[in-house]
Each structure stands twice: as C-alpha cells, then as structure tokens.
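Novice: Any chance you could fold what I've pasted below:
(one chain, ligands or ions: 2)
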Amino acid sequence: MKYSILIAPLLLFPLSAAAYVTSVASPSGNISLDFDLQADGRPEYKVDYKTRPVVLASGLGLELADTPSLMSGFEIIGTDTLSFDETWEPVWGESSHIRNHYRELLAHLRQRDTDRLMDIRFRVYDDGIGFRYEFPTQPNLVYFIVKDEHSEFAMTGDHVAWWIAGDYDTQEYDYTESRLSEVRGLMKGAISSNASQTQFSPTGVQTSLQLRTDDGIYINIHEAALVDYSTMHLNLDDDKMVFESWLTPDAQGNKGHLQAPCKSPWRTLIISDDACDMLSSNLIYNLNDPCAYDDTSWIKPVKYVGVWWEMIGGGKQWSYTFDLPSVKLDETDYTKTKPHGQHPANTENVKRYIDFAAEHGFDQVLVEGWNIGWEDWFGHSKDYVFDFVTPYPDFDIDYLNEYARSKGVRLMMHHETSGAVRNYERHMQAAYDLMDKYGYNAVKSGYVGDVMPRGEHHYGQWLNNHYLYAVTEAAKHKIMVNAHEATRPTGLARTYPNLIGNESARGTEYESFAGNKPSHTTVLPFTRLQGGPMDYTPGIFEMDMKKVNPNSQGHVNSTLARQLALYVTMYSPLQMAADVPEVYERFMDAFQFIKDVPVDWEESKYLAAEPGRYIVAARKGKGGNDWYVGCTANEDGYESILSLDFLDPDKKYEATIYADAKDANYLTNPQAYTITTKKVNAKTKLKLKAAPGGGYAISIKQL
Ligand code: NOJ
Ligand code: CA
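Specialist: Ligands and ions are numbered 1, 2, ... in the order given. Take a look at the predicted model:
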C-alpha cells in the first residue's frame with residue numbers, strides 16, 4: 001500500500017466539556033475562527049488573520065424545497081474540538097509528503113421548531129479554513145431537496161479579484177482582473193457571446209476565486225471534496241461586498257437531492273499575506289479523504305504526445321468521412337463511406353507519433369478521432385453516436401497497440417462523450433474492457449456540448465456523480481482518467497489518485513482558436529490548480545497559427561521559452577508535449593527541456609509570485625537531486641535576481657538556462673530564445689529576464 005500516514009494522527013479531545021466552545025485558532029494561532037448564532041438562531045462565522053478581519057460575520061444555512069429551511073431557529077446543543085496532525089504521502093504530487101495539521105470545531109445544532117439536527121464542522125489551518133454542513137441520521141430529516149445554499153463570505157472591502165463568469169456549463173474563460181465593485185460592469189464582456197444568458201448572474205463568478213485586499217492579504221475561495229452535490233459558484237452582493245454560495249441547478253431547478261446521513265462539500269478559504277503561500281497550500285487536498293485504494297502501484301505519472309494539435313490547431317478532422325450527416329451506429333457501414341482524406345488518426349500517422357515518442361522518451365501517444373461517431377457528435381442523435389469500441393477502418397487498433405508495445409510506448413485512449421453521459425455510461429464497461437484487452441491504462445475523456453439528458457448541467461449533482469463514477473469504475477480496471485470539460489477539481493485526487501488530470505479551465509487549445517491572455521498562466525495556478533492538476537497541454541513552439549492553418553484566427557500568446565516553463569509552473573502528473581513532431585524537429589535544443597523535465601516531484605518551492613503578473617517555481621524531481629525552475633510572466637515581462645539557495649550547499653550542479661532572447665516578445669518575436677549552461681551552487685544568483693508574455697526554464701543537474 002503506497003499511501004501511509006507517517007506520523008500517527010494526534011487527536012486531542014474536548015478542551016472543555018462544560019461551556020460551548022465557539023472559537024478555534026489554527027495551530028500557530030495566526031488564523032482564528034469564531035462561530036455563533038445570530039438573534040434569530042441563524043448560524044454565522046467570522047475569520048481573522050493575524051488579528052485582522054478577513055471574513056466578517058457571515059451567515060450560514062440551507063433553503064430546502066417543500067419543507068422548512070435550515071436557515072434559522074437553531075440552538076447549539078454541543079460542540080466538539082480536536083487537534084489533528086498527520087503527514088501523508090501522495091501517490092503523485094508537488095511534494096512527496098504533505099502535512100495535514102489543523103484544529104477543528106464541530107458545532108451540533110438543533111432547530112427548535114422542527115427538532116431537526118444539523119452540524120457544522122470547521123477546520124482551521126495555518127493557511128486557511130474549511131467548513132461543511134453535516135446532517136446526521138435523524139427521524140425528522142431523511143430525504144430532502146436543497147433549493148439553495150446560503151453560505152456567506154463577507155469581505156472586508158472592495159478587493160481586487162481574478163474571476164471568470166459563473167456558468168453551469170463552461171469554465172473555459174479568460175480571467176478578468178478587477179475590483180469587486182467592477183464585476184457587474186465587466187460581466188457582459190466576460191461571458192462568451194454564444195453562451196446561454198439564462199445561466200448568468202450579473203455578479204456571479206466561479207470558484208476557485210482569487211482575491212487580494214488593499215493591505216496585501218491574499219484570499220482564495222473554493223470548495224473541497226465535491227461529492228454527491230452540485231458545484232458552487234459565488235454571487236456577489238456588490239453593495240455589501242458579501243459573496244453567497246450559488247449552486248448549479250438540475251433539470252428541475254433544484255440544487256441537490258440528499259439523504260441523511262450526508263454532508264456538503266467543504267467551503268474553503270486559503271489565506272496568507274504572501275502570494276507564494278497561496279500556491280504551496282495543500283489545504284484542499286488535506287480536506288479530502290485519504291486514498292480509497294489499497295493498491296496504487298498501477299498509477300503512474302504520464303508524459304505524452306498525441307494526434308491532437310493537427311486537429312485543434314491544424315484544422316484537420318476527428319471524423320473519417322463527411323458522408324454521414326446523421327448516423328445510427330448499427331446502420332452504418334464505414335467501409336462503404338468515402339474518406340475525406342484529412343483524418344490524422346490513421347495507422348501510418350499514428351505510427352509516426354509512436355516512433356517519435358519512443359525516440360524521445362515519452363510514455364504515451366494520445367490518439368483522438370480513432371473511433372466511429374465523430375460525423376455527428378454535435379447532432380440530434382448524439383445520445384447514440386459513440387460506442388467507444390469501434391475503430392474507424394483506417395485505424396488498426398490491434399497492430400498499433402502491438403507496435404507501440406514493441407517500442408516501449410503505450411497508446412492513450414480517448415473518449416469524447418459529446419456530453420451524452422447516459423450513452424457513455426451505457427458503453428462504459430465495454431469501453432474499459434476494450435482498453436484492458438489492448439493494454440491502454442489511461443483515458444482522456446471529454447464532455448463537449450450540451451448535456452444529455454437535456455436540462456442537466458456540467459456542474460450539477462448528477463454530472464458530478466457521473467465524473468466520479470467514471471473514475472472509480474476505471475480504477476477497477478487500473479485505468480487512469482483525465483477528464484476534459486468536467487467540473488473543476490476539488491482535491492478528489494487525494495482519495496482517487498487515478499484522476500490524474502482534468503482540463504476544467506481554458507487550456508492551450510484556445511491559443512489556436514482566439515489566443516489566451518498573456519497573463520493567463522500567471523493566474524491559473526492561483527485558481528484552477530488549487531483543486532488539482534490541469535491537462536493544460538503546453539509545449540507549442542509554432543506561435544503563428546496562420547503557418548499551421550491558414551484559416552486560423554489564433555495566435556499563441558507566449559514565447560517559446562515560456563512554453564518550456566509551463567512544465568514547471570503548471571504542476572501536473574500528466575503533461576503533454578502538444579505540438580507536432582515536425583515542429584519539435586526544428587527546435588531540438590529547446591525540446592531537450594521537455595524531454596528532461598520530470599512529472600513527479602520530491603519537493604516544490606514557489607520563489608516569487610503575484611497573480612496576473614508572474615510566477616517562479618522550483619521543483620526537485622522525485623528520487624533524484626536535479627532541480628527544475630520555471631517562470632511565466634504577463635505582457636510586462638519580469639526581471640529578477642534568482643537565488644539558488646534551495647540547492648544542497650554540499651553539492652555542485654550544472655544549470656542549463658532556456659531564456660527569452662533580448663528581443664523576444666510574445667507577439668512580435670516569440671521564438672527568440674537562448675540556451676546557456678553554467679556551473680552553479682547554492683550561493684549562485686542568476687539575473688534573469690522574462691520578455692513580455694515570456695518566461696524561462698532552467699534544468700539544474702547535480703554533477
Ligand atoms: C475539447 C477538448 O478540450 C479537446 O482537448 C479535445 O480535443 C476536443 N474536445 C475533442 O474531444
Ligand atoms: Ca476543452
């Protein structure tokens with residue numbers, strides 16, 4: 001069993017049995033939380049950081065459908081407190097050990113008039129807090145429907161926020177940086193023009209939400225352990241600067257169907273006066289349950305290439321033919337259709353990628369468009385289109401898996417569900433069986449388009465249960481999952497570490513559609529990455545998309561050196577080298593960094609960070625002594641003196657520095673880079689400059 005608790009958890013029992021405990025401080029005392037009831041018996045809490053208020057008195061409670069709400073009329077009937085301290089070992093991660101150290105306050109509440117029980121559990125860490133609602137087994141609350149959750153987060157002022165619009169079906173937005181008071185005015189421009197307006201609130205934003213106060217406190221609001229519940233957005237009362245939870249509805253407009261005993265996900269606040277601490281926080285993983293699997297030896301980080309950018313960037317097709325405007329699987333004989341000849345998932349081309357992967361040490365080759373159904377994946381019959389087991393006639397699944405194996409490489413499976421979730425569940429066992437048969441151990445899945453059954457949303461309870469079902473069923477086959485368009489992660493990979501990736505934000509694919517803001521990768525680690533790794537698919541070396549596809553409107557808003565840095569700054573155990581082999585062949589010296597960089601780490605340090613501006617991270621590879629550094633900067637660039645004092649003072653190293661050339665610029669000169677090597681040690685200081693939209697990557701190998 002890989003997972004182990006290295007330090008036995010230390011539990012201390014009630015501090016005081018007589019009076020109710022309604023305050024709890026973090027282990028170091030820098031964060032404190034007060035719990036109380038308002039005059040009408042509504043629960044409320046507030047949070048201080050280093051004696052300064054960060055969350056003012058904020059109400060808690062849930063509104064129920066068809067039955068009195070759990071909003072007021074409560075009395076405290078008991079409290080429990082404990083201290084907890086463990087160090088656990090993740091199967092993969094930014095570091096090999098994670099300390100989970102908190103103080104807890106569990107408030108037992110009874111609603112007088114209805115004689116119903118609700119507990120609120122608070123955990124207070126040195127880097128933030130979490131709380132959740134718990135509903136014990138009881139006679140008067142068994143089955144219930146959440147109409148709305150009313151958890152408040154009362155801010156102390158008009159903070160700066162990095163936000164994307166609240167939306168039940170997509171997270172693939174560029175971030176807006178603004179004051180909270182400006183959110184309303186900027187909302188229209190922040191939502192995509194083709195999105196359904198009914199889903200939006202004029203001040204509604206998604207989590208994970210990053211904030212900064214005028215006196216330099218960073219606050220992140222998100223959730224942890226989102227299981228059997230719908231995803232939370234936040235609605236801002238911009239008069240009072242109070243956020244309130246805003247849950248994703250189901251097809252009937254309800255927010256959750258629950259049965260006691262049960263609990264909500266954790267509502268989380270990460271808090272620090274140092275932006276680097278926001279990035280190194282493990283609060284969200286710590287609030288998730290320990291690993292659910294006894295054997296995790298089959299879960300392995302993956303570096304991969306794939307038949308992908310040819311379609312995304314190059315405009316080629318996932319489909320095999322244009323012949324089929326609307327298909328029924330059992331009525332279609334693809335061998336009688338006319339291929340359009342632009343189908344990269346063909347045996348010969350896939351072989352080329354396998355050869356490239358084998359030559360350069362990649363683990364896997366993703367192949368999208370290998371299976372029938374793509375002709376109609378947005379069509380009316382999409383609930384029946386994909387069966388996830390039938391290859392197109394030009395993809396020799398047997399031969400290619402055998403060929404890959406002979407070269408020490410595996411193919412990576414692809415399941416685009418097109419949001420037809422019922423269809424996916426219908427075929428899931430056969431699909432995983434097929435993977436077993438051919439030796440696939442990782443699947444990239446996807447949920448593009450409107451959800452079927454109609455009316456359900458990507459972030460509703462029903463879909464959230466589906467995503468987890470796909471992961472736990474996959475585990476029975478020793479299959480790892482990387483789900484695109486699924487709900488944003490909330491640390492569930494601690495419990496289910498075969499969830500090795502998610503997209504769940506705007507990834508590199510948008511560089512080819514319209515471009516991402518140059519600051520995008522300086523925000524994502526503060527927001528999207530809080531809950532788990534992202535399959536960001538970095539490594540694009542050809543930024544001029546017109547050269548890739550004359551019809552493209554996109555431009556990759558990054559320098560080449562920064563594309564290398566993203567393998568360090570965007571932590572993930574699953575990393576793609578997303579460009580095509582013929583482009584890498586033009587830049588083999590820079591490509592060396594992608595070949596070298598590990599995807600699993602012993603230790604990570606954030607050396608400098610400011611959301612929307614820059615991030616500098618250093619990581620030591622697992623089981624080795626080599627370090628890797630990455631810097632990503634916004635359109636202003638970033639200049640700094642980097643101290644290598646994280647190196648072992650007794651060892652000597654050689655650094656290879658992949659930097660922007662003096663005249664590099666993400667728009668006008670993105671491919672200008674320099675590579676220099678030099679001997680370094682723990683005393684070395686390097687003067688480094690990231691160009692506008694640029695960055696640098698350094699490999700530091702022990703001599
Ligand atoms: C959207 C995903 O993000 C992308 O990676 C994939 O290629 C397409 N859907 C098709 O499945
Ligand atoms: Ca996507």
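
Novice: Identify the residue nearest the closest residue to ligand 2 within the stretch 201-350 of the chain in space, chain neighbours excluded?
Specialist: Residue of the stretch 201-350 of the chain nearest ligand 2, by C-beta to the ion: Ile312 (9.4 Å). The way it works is simple: take the backbone N, C-alpha and C, and place the C-beta from them, glycine included. Closest residue to Ile312 apart from its sequence neighbours, by C-beta to C-beta, 6 or more residues apart in numbering: Glu509 at 5.0 Å.

Novice: from what I can see the residue of the stretch 201-350 of the chain closest to ligand 2 touches Glu511, true?
Specialist: No - using C-beta atoms under 8 Å, Ile312 is not in contact with Glu511; the gap is 9.3 Å.

Novice: Between the two, which has more neighbouring residues?
Specialist: The neighbour comparison of Ile312 against Glu511 (other C-beta atoms under 10 Å) goes to Glu511, with 26 against 22.

Novice: Hmm, that one is touching Val548, no?
Specialist: No - counting by C-beta under 8 Å, Glu511 stays clear of Val548, with 10.7 Å between them.

Novice: quick revisit: next up, phi/psi of the residue nearest to Ile312, please.
Specialist: phi -50, psi -30 (degrees, to the nearest 10).

Novice: Relative to ligand 2, how far out is it?
Specialist: Applying C-beta to the ion, to the nearest Å, the value for Glu509 to ligand 2 is 6 Å.

Novice: what's the answer for Tyr384, then?
Specialist: The gap separating Tyr384 from ligand 2 is 23 Å, by C-beta to the ion.

Novice: what's the pLDDT at that residue?
Specialist: We note a pLDDT of 79 for Tyr384 in this prediction.

Novice: Help me confirm that it comes into contact with Asn423.
Specialist: Yes - at 6.2 Å, Tyr384 and Asn423 qualify as touching, with contact defined as C-beta under 8 Å.

Novice: Could you tell me how far the closest residue to ligand 2 within the stretch 501-650 of the chain is located from ligand 1?
Specialist: Residue nearest to ligand 2 within the stretch 501-650 of the chain (C-beta to the ion): Glu503, separated by 5.0 Å. Glu503 sits 5 Å away from ligand 1, going by C-beta to the nearest ligand atom, to the nearest Å.

Novice: same check, this time on Tyr584
Specialist: For Tyr584 relative to ligand 1 (C-beta to the nearest ligand atom), the value is 19 Å.

Novice: next one: Gly41
Specialist: Taking C-beta to the nearest ligand atom, one finds Gly41 at 47 Å from ligand 1.

Novice: Next: His555.
Specialist: As judged by C-beta to the nearest ligand atom, His555 and ligand 1 stand 19 Å apart.

Novice: cool, Lys679 as well?
Specialist: Taken as C-beta to the nearest ligand atom, the span from Lys679 to ligand 1 is 41 Å.

Novice: Below-threshold pLDDT in the stretch 51-200 of the chain: ranges please.
Specialist: Applying pLDDT under 70 to the stretch 51-200 of the chain flags residues 192-198.

Novice: Would you mind measuring the gap between the ends of stretch 219-233?
Specialist: In stretch 219-233, first residue to last residue: 16 Å (C-alpha to C-alpha, to the nearest Å).

Novice: Also stretch 207-226?
Specialist: First residue to last in stretch 207-226 (C-alpha to C-alpha) measures 12 Å.

Novice: same thing with stretch 517-524?
Specialist: 11 Å.

Novice: Need the contact partners of that stretch.
Specialist: Stretch 517-524 has contacts (C-beta atoms under 8 Å, 6 or more residues apart in numbering) with 162, 174-175, 177, 210, 505-506, 534, 536, 557-558, 562, 566, 569-570, 610-615, 632-635, 666, 692-693.

Novice: wouldn't Ala190 be in contact with Tyr173 here?
Specialist: Yes - with contacts counted by C-beta under 8 Å, Ala190 reaches Tyr173, the gap being 6.7 Å.

Novice: which neighbours do the two share?
Specialist: By C-beta under 8 Å, 6+ apart, Ala190 and Tyr173 have these common neighbours: 164-165.

Novice: mind checking the longest helix of this protein?
Specialist: helix 421-438 (DSSP state H).

Novice: Does anything pack onto that helix? Which helices or strands?
Specialist: helix 397-406, strand 410-416, helix 461-476 (3 or more C-beta pairs under 8 Å, 6 or more residues apart in numbering; DSSP states H and E).

Novice: deepest of these, which one?
Specialist: Among these, the stretch with the highest mean neighbour count (mean count of other C-beta atoms under 10 Å) is strand 410-416, at a mean of 25.

Novice: Without its sequence neighbours, what residue ends up closest to Glu425?
Specialist: Nearest residue to Glu425, sequence neighbours excluded (C-beta to C-beta, 6+ apart): His466, at 6.9 Å.

Novice: Now do that neighbour against Arg422, distance only.
Specialist: According to C-beta to C-beta, to the nearest Å, His466 stands 9 Å off from Arg422.

Novice: do Phe200 as well
Specialist: Per C-beta to C-beta, Phe200 is found 27 Å from Arg422.

Novice: More neighbours: the two, which one.
Specialist: Phe200 (18 against 14).

Novice: surely the more buried one meets Asp169?
Specialist: No - in this structure Phe200 lies outside contact range of Asp169 using C-beta under 8 Å: 11.1 Å.

Novice: List, one by one, the residues from the protein near ligand 1.
Specialist: Taking C-beta under 6 Å from any ligand atom as the criterion, the chain approaches ligand 1 at residues 308, 312, 368, 416, 446, 448, 484, 503, 509.
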